[in-house]
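>>> Predicted model and sequence below, questions to follow.
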Number of protein chains: 2
Amino acid sequence: MTAELMDGRVVAKSVRAETARRATAFRERTGTAPGLATVLVGEDPASKVYVANKRKSATAAGIADFHRQLPETSGEEEIAEVLETLAADPAVSGILLQLPLPGGADPGDLIELIPATKDVDGLTTASQGLLARNQPGLRPCTPSGVVRLLQEPGIPLTGAEAVVVGRSELVGRPMAQLLLHEDATVTMAHSRTRNLADVTRRADVLIAAAGVPGLIGPQHVKEGATVVDVGIHRTAAGLVGDVRTTEVAGRASRLTPVPGGVGPMTIAMLLANTVTAAEMQYPDSTAEGR
Amino acid sequence: MTAELMDGRVVAKSVRAETARRATAFRERTGTAPGLATVLVGEDPASKVYVANKRKSATAAGIADFHRQLPETSGEEEIAEVLETLAADPAVSGILLQLPLPGGADPGDLIELIPATKDVDGLTTASQGLLARNQPGLRPCTPSGVVRLLQEPGIPLTGAEAVVVGRSELVGRPMAQLLLHEDATVTMAHSRTRNLADVTRRADVLIAAAGVPGLIGPQHVKEGATVVDVGIHRTAAGLVGDVRTTEVAGRASRLTPVPGGVGPMTIAMLLANTVTAAEMQYPDSTAEGR
């Protein structure tokens, strides 16, 4: 068997096109475009590139750009004031506070100033509670992008055995919740899991989100499984994921490449979340919904 | 093998005694006892018994009693006003809205009026978000009672394979989160799980919370496993759980009886939550904490 590659670039392009159509419909209905506010504190070069990409992609999808650049020296009160102003602004559908903050400041309390209805990163306690309760809300972009990647080729999730390796707050744990809501039987594995390969070999759908380069080899994969690699690590040999792709390709039936698998989905889902946020804030009372 | 029975009455008694000591210490430090407000709408006989038991147990633990009885005809606004008054009352540490409401009214929006710091049932979106994030907060009583039952005899959870059968919002899903935070490898199984016995036989710790009488038989249980039965069903043959206890006792090493297993833990954890809520609202600035 040689695994079919699941091309995140193609699916992300389709999500972006769909998002642009929804943004247009929203603008025609309400008279204003959905708006995304990106808040960047300081001059970290990587963060600047990420934010620039998000703004460019948002603009291309017909989402209005509300960028706030704050000086590296900004105190918590200044950042809080900006977030509160954006929270109260009806033209701003979604708010994104680019992390990390300068000097490793704890973003905990600041993030909570973003209302759940504008929390396009799905980071806040309220958003995570809505996810746990399976209530409507905004979901973290990377795990919801993985679900979309799996749905695109019609990979069955109901009753499937799904194993998520890694239990981070932003990827592993919400990933497990989303797969549970898709009716999969879900196992959460992590650094304290014994006999990891025995656990992961049960998976019809294996999500590697441990943040450990090359953790998952062929001995971890059931013949014919679908393997999604959320990891991305810069090494001397180039970008690698949590999965030893070449070796695993002989056992898996489907596999996401790194780069070009999960990565492109994250920004696409951020844009989709922004339009969803706009739609939640201005529900269409004349329609049954999408 | 004949399973050792895990006596919830004994552990609950020890939790209640510990809670009473903490309530006394709180009263000596702050000058007022922790307070529990029970809100009962209507005259449902079962609900009246449950609330009476909770109030009696709270009083016995040194917790002040703030009971509100509302007429069956109360509208949402009247219930909301009572909850908001209790939310603002500094003498009230915890608030419990007894469910179900008369006529099957949806308690969703009303529950959300209880602040997370007073949410002793752990029901609100905010409480569930704090659980998902593994941040300090009040946890649902039944699943936290199960964790306590497992901890008492020192059953190892780190790296253990735990399987939770049932994914209800109030038991199964928070149960899985709590076991994950205890470093278990956790599988969430449910009605859409295929080959349930194959999944449950992996469990070192099996939690049956499906709400299906007698669902779990010996074929579902690994030799030597710990089996916790959260189910409780009134049948012609008396009270039974989700586990066929007599049959499973030959394979499990430890087993909770029904009644007298998980049941008694729920009220005990409610009392513990009430004192925890009081301590969170009036933190002891002179101590390092318990």
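Looks like it came in fine.
>>> Only C-alpha atoms from now on, for both contacts and neighbour counts.
OK.
>>> Whichever residue of the stretch 101-250 of chain A sits closest to chain B and B:Leu123: what is the separation?
Residue of the stretch 101-250 of chain A nearest chain B, by C-alpha to the nearest C-alpha: A:Gly129 (3.6 Å). Per C-alpha to C-alpha, to the nearest Å, A:Gly129 is found 10 Å from B:Leu123.
>>> Repeat that for A:Ala87.
Remark: distance between A:Ala87 and B:Leu123 (C-alpha to C-alpha) = 26 Å.
>>> just A:Ser74 next, same as before
37 Å.
>>> Leaving out the residues flanking it, which one is nearest to the residue of the stretch 101-250 of chain A closest to chain B?
B:Gly129 (3.6 Å; C-alpha to C-alpha, 6 or more residues apart in numbering or on different chains).
>>> so the one you found makes contact with A:Ala126?
Yes. If you go by C-alpha atoms under 8 Å, B:Gly129 and A:Ala126 touch, sitting 5.8 Å apart.
>>> A:Thr226 and A:Thr185: what is the separation?
A:Thr226 is 15 Å from A:Thr185, where distance means C-alpha to C-alpha.
>>> Would you mind naming what in the stretch 51-200 of chain A lies close to chain B?
A:125-130, A:132-133, A:158-160, A:169, A:173, A:180, A:183-190, A:192-194 (C-alpha under 8 Å from any C-alpha of the partner chain).
>>> For these, which PyMOL command selects only the ones that are buried?
Filtering these down to the buried ones (16 or more other C-alpha atoms under 10 Å in any protein chain shown) takes a single PyMOL command:
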select buried, chain A and resi 125+126+127+128+129+130+132+133+158+159+160+173+180+183+184+185+186+187+188+189+190+193+194
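>>> Sort out for me which of the residues of the stretch 51-200 of chain A next to chain B are in helices.
Using DSSP state H to define helices, the subset of these located there is A:125-130, A:132, A:173, A:180.
>>> which helix is the longest one in chain A?
Longest helix in chain A by number of residues (criterion: DSSP H): helix A:8-30.
>>> how distant is it from the center of its chain?
Centre-to-centre, helix A:8-30 and its host chain are 16 Å apart (C-alpha atoms, centre = their mean, to the nearest Å).
>>> With stretch A:178-190 instead?
Relative to its parent chain, stretch A:178-190 has a centroid offset of 16 Å by C-alpha atoms, centre = their mean.
>>> and the end-to-end length of it?
OK, stretch A:178-190 end separation, C-alpha to C-alpha: 17 Å.
>>> Need the residues that contact that stretch.
Residues outside stretch A:178-190 that contact it (C-alpha atoms under 8 Å, 6 or more residues apart in numbering or on different chains): A:131, A:134, A:143-144, A:147, A:157-167, A:172-173, A:176, A:196, A:199, A:210, B:180, B:185-190, B:192-193.
>>> what ranges do the strands span in the stretch 1-150 of chain A?
Here the stretch 1-150 of chain A has its strands, by DSSP state E, counting those that start in this stretch, at A:4-5, A:35-41, A:64-70, A:94-97.
>>> Mind giving me the packing neighbours of the third one?
Meaning strand A:64-70. Where contact means 3 or more C-alpha pairs under 8 Å, 6 or more residues apart in numbering or on different chains; DSSP states H and E, strand A:64-70 is packed against strand A:35-41, helix A:45-60.
>>> Give me the angle between that strand and helix A:8-30.
Orientation note: strand A:64-70 sits at an angle of 110 degrees relative to helix A:8-30 (axes from the mean of the first three to the mean of the last three C-alpha atoms, to 10 degrees).
>>> Tell me how many other residues crowd A:Glu152.
11 (other C-alpha atoms under 10 Å in any protein chain shown).
>>> Which pLDDT value goes with the nearest residue to it once chain neighbours are set aside?
Taking C-alpha to C-alpha, 6+ apart, and ignoring the residues beside it in sequence, A:Glu152 has A:Val11 as its nearest neighbour in space, at 7.3 Å. In this model, A:Val11 is scored at 98, pLDDT.
>>> how close does A:Val11 get to A:Pro156?
17 Å.
>>> same thing with A:Thr117?
From A:Thr117 to A:Pro156 the distance is 30 Å (C-alpha to C-alpha).
>>> do the same with A:Glu72
In terms of C-alpha to C-alpha, A:Glu72 sits 47 Å off from A:Pro156.
>>> Please apply the same query to A:Pro102.
A:Pro102 is 43 Å from A:Pro156, where distance means C-alpha to C-alpha.
>>> residues near A:Gly241, how many?
When neighbours are counted by other C-alpha under 10 Å, A:Gly241 registers 27.
>>> where does it land on pLDDT?
For A:Gly241, the model assigns a pLDDT of 97.
>>> Other residues contacting stretch A:265-272?
By C-alpha under 8 Å, 6+ apart, the residues outside stretch A:265-272 that reach it are A:8-9, A:11-13, A:15-16, A:19, A:54, A:57-58, A:61, A:63, A:120-121, A:141-142, A:144-146, A:149.
>>> Just confirm A:Ala20 contacts A:Thr59, I think it does.
No. Contact criterion C-alpha under 8 Å: A:Ala20 and A:Thr59 do not qualify, at 9.5 Å.
>>> Neighbour count for the two, which is higher?
A:Ala20 (21 against 16).
>>> contacting residues around that one?
A:Ala20 sits in contact with A:60-62, where contact means C-alpha under 8 Å, 6+ apart.
>>> go on, A:Ala3?
A:249-255.
>>> where does the stretch 151-290 of chain A dip in pLDDT?
A:286-290 (pLDDT under 70).
>>> For it, just list every one of the helices.
For the stretch 151-290 of chain A, the helices defined by DSSP state H, counting those that start in this stretch cover A:172-181, A:196-200, A:245-248, A:263-281.
>>> now the shortest one: how far from the chain's centre is it?
On the basis of C-alpha atoms, centre = their mean, helix A:245-248 sits 24 Å off its chain's mean C-alpha point.
>>> who are the neighbours in contact with A:Gly263?
Contacts of A:Gly263 by C-alpha under 8 Å, 6+ apart are A:8, A:142, A:230.
>>> neighbour-wise, which of these leads?
Of all the contacts of A:Gly263, A:Val230 has the most neighbours under the rule other C-alpha under 10 Å, reaching 27 neighbours.
>>> Count the residues that sit near the residue lying closest to that one once chain neighbours are set aside.
Take A:Val230 and drop its neighbours on the chain: the residue closest to it by C-alpha to C-alpha, 6+ apart is A:Ala209, 5.0 Å away. The tally of other residues near A:Ala209 (other C-alpha under 10 Å) stands at 27.
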